[in-house]
Structure formats: structure tokens, C-alpha cells
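>>> Generate coordinates for the sequence data below:
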Amino acid sequence: ALLGLPSWAASRCDVNVPTERADLAQVSLAYQSIGRASDPALLLVMGLGGQLIHWPDEVVVALCQQGFRVIRYDNRDVGLSTWRQAPLEANLTFEVLRYKLGLPVAAPYSLTDMADDALGLMDALHVEQFHVLGASMGGMIAQHMAAMAPQRVESLTLIMTTSGAEGLPAPSAALVQLLSRRGAPNRQVALEQQADLLAALGSPAVTDDRQVLLHQAALSYDRAFNPEGVKRQIMAILAEPSRVALLNQLRVPTLVVHGTADPLLPVMHGVHLAAHIRGSQLKLIPGLAHRFQEAFKEPLLAAVLPYLKALKLNDASTVVPIFQLIPVISFVLGWIFLGETLTANQLAGGALIVVGAIVISLEMQEGKRYRLKKDVLLLMGLSSLLYSFHFLFFKMFAVDTQFWTTELWENVGFIAFGMGLVVFI
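Next up, the predicted model:
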């Protein structure tokens, strides 16, 4: 199993699930949902021209095996999602010139619109709160999502992206030329152009196999090829003002991951981004460029997985209080299996404990509204149920039994509890 994770988790982390569609007000988005619907959701937002297949399957599986429901999708204008029709006056060459002259850039849509698409997808999936991991342009979209719906975005993981502030190091003119070269007379030329771009976005510390790059380009081309859509996405990026003011207002747990060899968004973009998000963490990966190259998948996962795992444990402050359900469930199991009598004090105390557990599970949101964290309450209730079987075994065999026999059955209860956690939780 990847990174030593148990193989039994792989069955629920199948990346070959069907691609589905979510019909929103303005667009239709193609997406995949990998993992259990009951797990915390993690939305992956891809960068410029990227399709959902550009998230490496090994990375998706590793995230899912951490206990996340991983959702990846095609942004508008790429892949199998809606391809927008640009206004006749939309011209990338003209807008790039305006951008270089410091003039306002007109775009058929904005990154805010694309962030609204992502929020609409989560609405369609009935996911109220979720974590977001965005790469490159996807990281820019993720920043807008956190500003637009702070009560819904539980964390940000921003990889190889930027604040969009003026004065940050620019990519080379040759790389920009490759990035904007989107016209191709046939499939072979398109594949060669894409392979050139992938090579230029890679790390100088890694020698790419040209045939592998051409194969990756072919997979993308054969699934969907929409160069005009990528041009519109470029215009949306160019039209975007600095997000520094927006970032200064964010109050969301954030991890910024950036490579020291990024040729498109040099490393200072990541440093500057992290500096403007209060409480954010910054992880710099030596040699990482602007692609998910094979050599850097493990370092990326090593930076991201512990952070996301820690976020999942962020509800630990509610674990111990909610474990007070153990005596209540033990009372009930004793009554069912051992015929024990429940006194009025036990019933009243049990009711008080249950009410207390529910109160502890409430989370206050904006506007003095409260949300019941049902997933935490359910998880701890199930844990308490399993743990209560330990006491049941003890009481069933402890009466008129020798010490070591009692100890044996007590530990059988602990084993049952542990196996139950592995199987059900």
C-alpha cells in the first residue's frame, strides 16, 4: 500500500469510478467522487488548462486513504465540462498587450466565477463544509472560495500558486510564449506543443522521457482538446487584480506548498502568499517546479498528508467529552444482555449525559447560528458503543471467576473494541 497505508482502504478509494455531471445555473461540470460519502470532503481544484485526470491517481488514492472523500472536477472550458463561447471581441493577443501596458484586461469570465462554479458543485453534491486543495490557477480559485464562503471552507492547501501581487518575479518570456501557444493544425502538432510545455514546466533536476510526455499529452488531447477555452482561462488570470487585501482577511487554516525551482511562479510567490494569510504554514520543496513530476510525488505527499491528517484530528477536543456516552451505552447493554435494572438516577443521569454530548457537538457559526457536527457525534457514539462491549464482557465473566480468567475476558473486550474501530471507523 502507498506510504504504508493498509491495503483494505484501497477498496473504497477506486479512482476508476465513473465521471458524473453536475448541472449548475451557468455551466455543467464533470467530476469524480472517490471515497465514502460520509468522510470529510476534500475538493481538488486544477490549474490552467488542467483536467481532472491531471491529478495523479497515486496522490488521489493517498488522500482518500487518509479518510477523505476526494472530489476532482474539470473547470469550465476544459475537459468534459461546459465549453463557453467567447464574445467576438475577446482576443488573447490584444489582452496580453493591454496587460503588459498596465491597462485593464477584459475577460469573458473571472476567477470569481470559477470559484462560484466550485461552490455550486459542492451545493449539487449536498456537501456543506469541505477542505480545498488547489494547484496553480486552482490555488487562486481556492483563495476566492475561502473568501466567498468562509463558513464552508474548512482549510486551504495551496500548491505552486500566487497572491497575484505586483512586483513578484515573472516567468521567462520563452515560457510565457509556450504557455500561450495554443493553435495547432493537427493532433501530432498539438501533442508536440504540449510536450514542449510540460518539459519547460518541469524541474531542471529531472530528465523527462519525451515519450512519456507525449503519452501524457495524448491522454489529455484524446479526452478533450479545447485550446480556445484555455485562452479564456488565461484572460481570466490576467484580468485578476492583486488578492493581497483578500488574503489579509482570510481566517482559515492554510498550508502553502511551493517548489524552489518553479519556473512559472518563482518561489517568492509562495513565500509572499503565505506571508499574507494569517497563521498559514509554508513548506518549500527543493527542486520542485510547476508540475506533478514522478520524482516529487512523495515529497509533495510528505508535505500535505500530515497537515490534512492533523486537520482531521482538529475535532479531538470533542472526543473525550463525548466519550461520556460510554456509561449510558453500558447501562443499556447491561439491561439488554444481563437483565440489569436501571434506576431512576441512572436514567436521569444518562439523559443528562446525552444532552451534554449534543451540546458539546454544537458549533457556533456566523449570525449566532449553531450547527450540529453530526459526523463527530456519530463517530464518538459508535466508538463508545464498541468500547462498552469491553465492560459487557467483563461483567459477563467476572462474577465467580478466577483472576486470570477475568483478565482474559477483559482483554477480549479490548480486542473486540479495537477490531471494531478498524472495521467500522
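
>>> Please enumerate the strands of the protein.
For the chain, the strands defined by DSSP state E cover 20-23, 28-34, 41-45, 69-73, 130-135, 153-159, 254-259, 281-285, 362-365, 369-372.

>>> which of these has the lowest average pLDDT?
In terms of average pLDDT, strand 362-365 trails the rest of these, at a mean of 64.

>>> Now do W335, the pLDDT please.
Looking at W335, the pLDDT reads 85.

>>> Contact partners for it?
Going by Cβ atoms under 8 Å, 6 or more residues apart in numbering, W335 touches 341-342. Just so you know, the C-beta spots here come from the backbone N, C-alpha and C atoms, and that holds for glycine as well.

>>> Swap in 7 Å and give it another go.
Applying Cβ atoms under 7 Å, 6 or more residues apart in numbering, one finds that W335 lies in contact with L342.

>>> Relative to I329, how far out is it?
Distance of W335 to I329, given as Cβ to Cβ, to the nearest Å: 11 Å.

>>> Hmm, G381 is touching V328, no?
No. Counting by Cβ atoms under 7 Å, G381 stays clear of V328, with 9.7 Å between them.

>>> Comparing these two, which residue is more hemmed in?
Taking neighbours as other Cβ atoms under 10 Å, G381 and V328 compare with V328 leading, 21 against 18.

>>> since we're on V176, how many residues are nearby?
Counted with other Cβ under 10 Å, V176 comes out at 14.

>>> Run through the residues that contact I329.
Residues near I329 by Cβ under 7 Å, 6+ apart: 384-385, 388.

>>> Kindly report the same for R223.
51, 53, 79.

>>> tell me the phi and psi of the last one?
Backbone torsions of G79, given as degrees, to the nearest 10, read phi 60, psi -140.

>>> Excluding residues flanking it in the chain, which one is nearest it?
Excluding the flanking residues, the one nearest G79 by Cβ to Cβ, 6 or more residues apart in numbering is Q51, at 3.8 Å.

>>> Tell me where the stretch 101-250 of the chain is predicted with low confidence.
Counting by pLDDT under 70, the stretch 101-250 of the chain has low-confidence residues at 101.

>>> just the helices in it please.
Taking DSSP state H, counting those that start in this stretch, the helices of the stretch 101-250 of the chain run over residues 111-124, 137-148, 173-180, 187-201, 210-223, 227-238, 244-249.

>>> State the distance from R152 to M122.
R152 is 7 Å from M122, where distance means Cβ to Cβ.

>>> list the residues that contact both of these two?
Common neighbours of R152 and M122, using Cβ under 7 Å, 6+ apart, are F130.

>>> if you count what's nearby, which of those two comes out ahead?
The neighbour comparison of R152 against M122 (other Cβ under 10 Å) goes to M122, with 21 against 17.

>>> got a list of what the more buried one touches?
With contact set as Cβ under 7 Å, 6+ apart, M122 has these partners: 43, 130.

>>> Just list the residues touching the nearest residue to V127 once chain neighbours are set aside, thanks.
Spatially, and ignoring its direct neighbours in sequence, V127 is nearest to A41 (4.7 Å; Cβ to Cβ, 6+ apart). A41 makes contact with 69, 71, 127, 130-131 under the criterion Cβ under 7 Å, 6+ apart.

>>> Repeat that for L92.
180, 231, 234-235.

>>> which one of those is nearest G47?
Among the contacts of L92, I234 lies closest to G47 (Cβ to Cβ), at 11.3 Å.

>>> ok, that closest one - how many residues close by?
Residue crowding around I234 was assessed by other Cβ under 10 Å; the count is 23.

>>> Please determine how far it is located from P227.
Per Cβ to Cβ, I234 is found 11 Å from P227.

>>> which stretches of the stretch 251-400 of the chain form helices?
For the stretch 251-400 of the chain, the helices defined by DSSP H, counting those that start in this stretch cover 268-275, 297-312, 319-322, 325-337, 344-360, 374-398.

>>> Reformat those helices into a markdown table and put distance to P253 next to each item.
What follows is the helices of the stretch 251-400 of the chain, written out as a markdown table (distance: least, Cβ to Cβ, whole Å):
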| stretch | distance to P253 |
| --- | --- |
| helix 268-275 | 13 |
| helix 297-312 | 6 |
| helix 319-322 | 19 |
| helix 325-337 | 28 |
| helix 344-360 | 21 |
| helix 374-398 | 17 |
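
>>> most packed of those?
helix 268-275 (a mean of 20; mean count of other Cβ atoms under 10 Å).

>>> which outside residues touch that one?
By Cβ under 7 Å, 6+ apart, helix 268-275 touches 158, 161-163, 165, 168-169, 256, 258, 280, 282, 284.

>>> got CSV for the contacts of I329, with pLDDT too?
Listed next are those as CSV, based on pLDDT from 0 to 100:
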residue, pLDDT
S384, 75
L385, 79
S388, 74
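
>>> Of all the helices of the stretch 251-400 of the chain, which one is nearest N16?
Across the helices of the stretch 251-400 of the chain, closest to N16 is helix 297-312 (Cβ to Cβ), at 19.1 Å.

>>> quick check, distance from that closest one to the centre of its chain.
Distance of helix 297-312 from the chain centroid (Cα atoms, centre = their mean, to the nearest Å) equals 11 Å.

>>> for P227, what are its contacts?
P227 neighbours (Cβ under 7 Å, 6+ apart): 182-183.

>>> start the count at 880, not 1, going forward
Done: numbering now begins at 880, and the last item shifts to P1106.

>>> Just give me the neighbour total for Y1100.
With other Cβ under 10 Å as criterion, Y1100 counts 15.

>>> I'd assumed Q1067 was in contact with it.
No. Between Y1100 and Q1067 there is no contact under Cβ under 7 Å: 9.8 Å.

>>> related to what we said a few turns ago, give me the buried subset of the contacts of L971.
Restricting those to buried positions leaves 1110, 1113-1114, with burial counted as 16 or more other Cβ atoms under 10 Å.

>>> Now distance to A997 too, for these, in TSV please.
Converted to TSV, the buried ones among the contacts of L971 look like this (distance: Cβ to Cβ, whole Å):
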residue	distance to A997
K1110	21
I1113	19
M1114	19
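
>>> and of the residues you listed, the nearest to D936?
Proximity of the buried ones among the contacts of L971 to D936 (Cβ to Cβ) peaks at I1113, which lies at 27.3 Å.
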